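>>> give me a model of this one.
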Amino acid sequence: MTSELIVLALAGLLLVVHILLAAHYKTKQYGAEWNMGPRDEDKPPLNDIAGRLERASGNFRETLPLAIIALFGVVLAGKASELTAIAAWVWLGARLVYLPLYWAGIPKLRTLVFGVSLLSLLTVLGVLLLG
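Residues are numbered from 1 along each chain as shown. Now for the predicted structure:
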């Protein structure tokens, strides 16, 4: 299996971590009855930590399709290379670092780490499109 596909499989696990962390802290705030219910009622805004984890999860879910397109694309097109493997691992590493940075509320470094992850995916997309 290529590095790009291994990274995608690990990204699936990271997605589960994002979902479970955000759900845990929302449930901690709103209660188990809310979690198991229809969630129709209005609730107060999430507290800082639950809100950050929800936003971090949303950010990951928004950018994961780009990773899937780029990483699966280079494998499918036969363009996977050492460069795309390195970029894939850098992307995953940056996404792993991003979560605790967002959780802790560290703003500027978090943005820099997001930029590294995006640049990594753009590198893979460049290989997919150009060569």
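>>> give the closest residue to the residue sitting nearest the centre point of the chain in space, chain neighbours not counted.
When C-alpha atoms, centre = their mean is applied to the chain, the residue found nearest the centroid is Phe60 (2.8 Å). Spatial nearest neighbour of Phe60, chain neighbours left out: His18 (5.0 Å); criterion: C-beta to C-beta, 6 or more residues apart in numbering. The way it works is simple: take the backbone N, C-alpha and C, and place the C-beta from them, glycine included.
>>> which of the residues in the helix or strand of the chain with the lowest mean pLDDT are buried?
Least confident helix or strand, the chain: helix 32-36 with a mean of 87, by mean pLDDT, DSSP states H and E. Within helix 32-36, no residue is scored as buried using 16 or more other C-beta atoms under 10 Å.
>>> who's in contact with that helix?
Applying C-beta atoms under 8 Å, 6 or more residues apart in numbering, the contact partners of helix 32-36 are 23, 26-27, 41, 43.
>>> swap the cut-off to 10 Å and go again
With contacts defined as C-beta atoms under 10 Å, 6 or more residues apart in numbering, helix 32-36 is touched by 23-24, 26-28, 40-41, 43.
>>> from these, list the buried ones, please.
Of the contacts of helix 32-36, these count as buried by 16+ other C-beta under 10 Å: Lys26.
>>> mind listing the helices in this structure by residue range?
Using DSSP state H, the helices of the chain run over 3-30, 32-36, 48-76, 82-104, 107-130.
>>> rounded mean pLDDT for the fourth one, please.
It refers to helix 82-104. On average, the pLDDT along helix 82-104 is 98.
>>> mind checking how far it is from the chain centre?
Helix 82-104 sits 9 Å away from the centroid of its parent chain (C-alpha atoms, centre = their mean, to the nearest Å).
>>> perfect, I'm done here.
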